[in-house]
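Attaching a predicted model along with its sequence, questions to come.
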Amino acid sequence: MKFTTLTKVTTDSSLPLLLSMARSFVTPLYRAAFLTGAVSSGVLQRLSGRGADVDTLAGALGITDDRQLLRAWLDLGVRIGELAVDTGTYRLKSRTAKALALPRNDTVAAALEEVVRFHLPVLLNAPAMLRSGQRLTMADQDGAIIARSSRVVQPFVEEAIERVLDRAAPLRLLEIGCGSGDYVRYAAQLNPRLTALAVDYQAEVAAAAAANVTRWGLSDRVEVRQADVRELDLEPQFDLITMHNNIYYFPVEERTKLLEQARSLLAPGGRLLLTTACRGGSLSVEVLSLWFEYADFGGALPEATELADQLRKAGFGDVAVRRLIPGDQFCSFVGGNTAGTTKEHSA
Ligand SMILES: C[S@@+](CC[C@H](N)C(=O)[O-])C[C@H]1O[C@@H](n2cnc3c(N)ncnc32)[C@H](O)[C@@H]1O
């Protein structure tokens, strides 16, 4: 570098900004993107506890050509500090890479994938989407990643189910947007006389839930149907309707009508249990909310008070709101198919 160039660079006021930017977010962004690629390709899991050379990794990934390019990507992982290499054998190096590779941390690995694959693009593309009028669609989600990352709230949802579910009497359950069907299974385990209809709008999700129900030996008690809940034409027959983690799949202005329709499917004295992340929680929840605002099918995550009001407007009585995670805004809402009063609890 010529002396004049060096003087120019070191006195340029943009240089400290560039260096600080690299330190504070460019490197963490690269790490997050590399780790996401390593998790979703299975490289991280393959390297857990043992090393592998590029040929072994290429074989595991089904890569027949371009081994040089795979090596270049792995070497970048070494440069970032996530991997180490010794005489051609790659190993996990960072504590984060080693932890994310463990099966027990799959939920956290999926949460990282969700942030990188879905949260970053909405922050990146929002103004361009507004200019072009383009919106996110259900196809922009990856149901499998969402199903894995939503497991983070599973113990809290299960606790909410335990609180409302009668364990002994015969009980008819409708689950709206059942996903994998895990929560229907949990309810069926708690009450051996429970029978259920589980519906999900996405055909591949409903098919996977139906396969799970068969595998769990519950086909005689649980029917899975691919359906849009708004088009269900059924007699009022359910003692309990559950809706977990999906109220934001419906536009805000349609929620009262949806809840009214859910109530119309309840037997007299039946109850609705709804669980959802609400506004005012963590930053990730706010970005999730933005994602659904930019979707052509959903809407922002609800404020807890707003959703409780919508339940009352839909005719539910004895509306009870409970914060399930201390210090966070993940809440359960219970409403009865009777007119009544409102109770508010906190965790
Ligand atoms: C984030 S997932 C939650 C799945 C599951 N309830 C859980 O908590 O793990 C939301 C689910 O709601 C389903 N869903 C969205 N809109 C729906 C509709 N109109 N009718 C039925 N299911 C719907 C989606 O297909 C998706 O599987």
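All right, it came through fine. Residues are numbered from 1 along each chain as shown.

Pull the residues that contact stretch 92-99.
31, 35, 38, 44, 47-48, 78, 81-84, 101, 105, 108 (CB atoms under 8 Å, 6 or more residues apart in numbering). Just so you know, the C-beta spots here come from the backbone N, C-alpha and C atoms, and that holds for glycine as well.

Any stretches of this protein with poor pLDDT?
In the predicted model, the chain carries pLDDT under 70 at residues 1-11, 339-347.

ranges for the strands of it?
Secondary structure of the chain, counting by DSSP state E: strands at 83-86, 89-92, 171-176, 194-200, 222-226, 238-244, 266-277, 317-323, 330-336, 342-344.

Is it possible to get CSV of these that adds mean neighbour count?
CSV is the format used below for the strands of the chain (neighbours: other CB atoms under 10 Å):
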stretch, mean neighbour count
strand 83-86, 16
strand 89-92, 20
strand 171-176, 23
strand 194-200, 23
strand 222-226, 19
strand 238-244, 24
strand 266-277, 21
strand 317-323, 19
strand 330-336, 24
strand 342-344, 13
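
Out of the ones you listed, the one nearest the ligand is which?
strand 238-244 (3.7 Å; CB to the nearest ligand atom).

Taking their axis directions, that closest one and strand 330-336 sit at what angle?
In terms of direction (axes from the mean of the first three to the mean of the last three CA atoms, to 10 degrees), strand 238-244 departs from strand 330-336 by 160 degrees.

Return the alpha-carbon coordinates of strand 238-244 using CSV.
Extracted C-alpha coordinates of strand 238-244, given in CSV (Å, rounded to 0.1, in the frame of the first residue of the first chain):
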residue,chain,number,x,y,z
PHE,A,238,-67.2,-30.3,21.8
ASP,A,239,-66.5,-30.0,25.5
LEU,A,240,-63.1,-28.4,24.9
ILE,A,241,-61.6,-26.6,21.9
THR,A,242,-57.9,-25.9,21.9
MET,A,243,-55.9,-23.5,19.7
HIS,A,244,-52.2,-23.4,20.4
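
still on that earlier bit, out of the contacts of stretch 92-99, list just those in helices.
Arg31, Leu35, Ala38, Leu44, Val78, Val108 (DSSP state H).

quick one: which two of the residues you listed are the most distant?
Val78 and Val108 (22.9 Å; CB to CB).

Of the two, which one has the most company?
The residue with more neighbours, out of Val78 and Val108, is Val108; 18 against 14, by other CB atoms under 10 Å.

So which residues on the stretch 201-347 of the chain come close to the ligand?
Tyr201, Gln202, Val205, Asp228, Val229, Arg230, His244, Asn245, Asn246, Tyr249 (CB under 6 Å from any ligand atom).

how many other residues sit next to the last one?
By the measure other CB under 10 Å, the count of residues near Tyr249 is 19.

which residues touch it?
Shown in contact with Tyr249 (CB under 8 Å, 6+ apart): Gly177, Tyr201, Phe292, Phe297, Gly298.

The same query, at a cut-off of 10 Å, please.
Residues near Tyr249 by CB atoms under 10 Å, 6 or more residues apart in numbering: 138, 141, 176-177, 201, 229, 243, 258, 292, 295, 297-299.

Please produce a ChimeraX select command covering the buried subset of the residues you listed.
Selection of buried members from these for ChimeraX, criterion 16 or more other CB atoms under 10 Å:
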select :141,176,177,201,229,243,258,292,295,298,299
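
Check the contacts of Tyr249 and tell me the two furthest apart.
Taking CB to CB, no two of the contacts of Tyr249 sit farther apart than Gln141 and Leu258, at 19.6 Å.

what does the stretch 51-200 of the chain have sitting close to the ligand?
Going by CB under 6 Å from any ligand atom, the residues of the stretch 51-200 of the chain near the ligand are Ile146, Ala147, Ser150, Ile176, Gly177, Cys178, Gly179, Val199, Asp200.
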